[in-house]
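Engineer: structure here, sequence nowhere to be found:
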């Protein structure tokens, strides 16, 4: 009997040790995938390939890392909101251009696409702390531009980008008008149990069972569930129910946490939406949902609402775009 108990003990211990070794060695490679298998780090196409008017933007993060971004407009004299777009964890911003092209057309907006550090043409290596700094640099750049309405900046994040966007929105209540989350996880701690089920007893977020004694090993926890309840701006949750990467229950939990503190939350489901194609599977309903959210939460200010005799009111910016 003692022999079998010892065998079981060493077996479980071996699994934990192996799991810890795998987690330490490969976790950042699972969380951040700047280069897709078989492809290079460089951009396969640029917005010009899709006949989009764009500007190459170079930024410096607060720790000095050089970042690259694309600022894309549907037409020069824009009146729509400006979307600060944060992508998923794999590939680079060029792989999202087809979706962005349709976004510009359907929403009549500007889009600022940031390459996280280590992604695309940006320098450095990705980390949670570093990417949070990168996102702040992008937002600070937008608020200093004179060719957009700084009062209509909307953060849009999908998957990992949603975690990035939630932190940025919470940290900048006076700069971000609204937040859109699509197929975002509650935390990387919870995702460990999805990707590596044998570790779910030892690693997890606040809502999971088990001792969670290995949480300290997770270098990029991205605990969106702890952040979302602190966001005061309007939030739109877009959830693909067929998401094969992030269980749709994660989005439901995020919404529940946010709605308990924020009355300006809207949750919309797309029955056939998967992790990467909810925008496509959702069809007109997807784009109309976002358009109506914009109309309600970040409406365009009429000129006579913000100015008198052709001059902007004190502390306000004109509602039109100037190049």
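Structural biologist: Yep, that arrived. Small disclaimer: the values here were computed from a predicted structure and weren't measured.
Engineer: neighbours around the residue lying closest to residue 43 once chain neighbours are set aside, how many?
Structural biologist: Leaving aside its chain neighbours, residue 43 sits nearest to residue 94 (3.9 Å; criterion: C-beta to C-beta, 6 or more residues apart in numbering). All C-beta atoms are positioned from the backbone trio N, CA, C, and that covers glycine. Counted by other C-beta atoms under 10 Å, the residues lying close to residue 94 total 19.
Engineer: correct me if wrong: residue 94 contacts residue 45.
Structural biologist: Yes: applying C-beta atoms under 8 Å, one finds residue 94 in contact with residue 45, separated by 5.4 Å.
Engineer: coming back round to it: next up, the contacts around the residue nearest to residue 43.
Structural biologist: Listed by C-beta atoms under 8 Å, 6 or more residues apart in numbering, the contact partners of residue 94 are 43, 44, 45, 46, 120.
Engineer: try it again with 10 Å
Structural biologist: Contact analysis of residue 94 by C-beta atoms under 10 Å, 6 or more residues apart in numbering lists 42, 43, 44, 45, 46, 47, 49, 70, 100, 113, 115, 120.
Engineer: please report how far it lies from residue 133.
Structural biologist: Noted for residue 94: a distance of 23 Å to residue 133, by C-beta to C-beta, to the nearest Å.
Engineer: ok, residue 183 next?
Structural biologist: Applying C-beta to C-beta, the value for residue 183 to residue 133 is 24 Å.
Engineer: what about stretch 83-100, start to end distance?
Structural biologist: Using C-alpha to C-alpha, to the nearest Å, one end of stretch 83-100 lies 10 Å from the other.
Engineer: for that stretch, buried residues please.
Structural biologist: Buried positions in stretch 83-100, judged by neighbour count with 16 or more other C-beta atoms under 10 Å: 83-97, 99-100.
Engineer: so, low pLDDT: which residues of the stretch 101-250 of the chain?
Structural biologist: Residue ranges of the stretch 101-250 of the chain with pLDDT under 70: 207.
Engineer: hmm, try it at 90
Structural biologist: 192-219 (pLDDT under 90).
Engineer: how would you label the residue nearest the centre of the chain: helix, strand or coil?
Structural biologist: The residue lying closest to the centre of the chain (C-alpha atoms, centre = their mean) is residue 161, at 1.9 Å. What DSSP: H, G, I helix; E, B strand; the rest coil gives for residue 161 is helix.
Engineer: quickly list what the nearest residue to it once chain neighbours are set aside is bridged to.
Structural biologist: Distance criterion C-beta to C-beta, 6+ apart; nearest residue to residue 161, sequence neighbours excluded, is residue 86 at 3.1 Å. In this entry, residue 86 is beta-bridged to residue 157, by DSSP bridges.
Engineer: report all helices and strands that the helix or strand containing residue 295 contacts.
Structural biologist: Assigned by DSSP states H and E, residue 295 falls within helix 283-297. The contact analysis (3 or more C-beta pairs under 10 Å, 6 or more residues apart in numbering; DSSP states H and E) places helix 283-297 against helix 97-107, strand 153-158, strand 178-182, strand 235-240, strand 265-270, helix 278-281.
Engineer: buried stuff in the following helix or strand past the third one?
Structural biologist: Tracing the chain past strand 178-182, the next element assigned as helix or strand by DSSP H and E is helix 188-195. For helix 188-195, burial by neighbour count (16+ other C-beta under 10 Å) applies to 188, 189, 190, 191, 192, 193.
Engineer: can you pull the contacts of the fourth one?
Structural biologist: Right, residue 191. Counted by C-beta under 10 Å, 6+ apart, residue 191 has contacts 30-31, 159-160, 185, 203-205, 218, 221-222, 245-247, 250.
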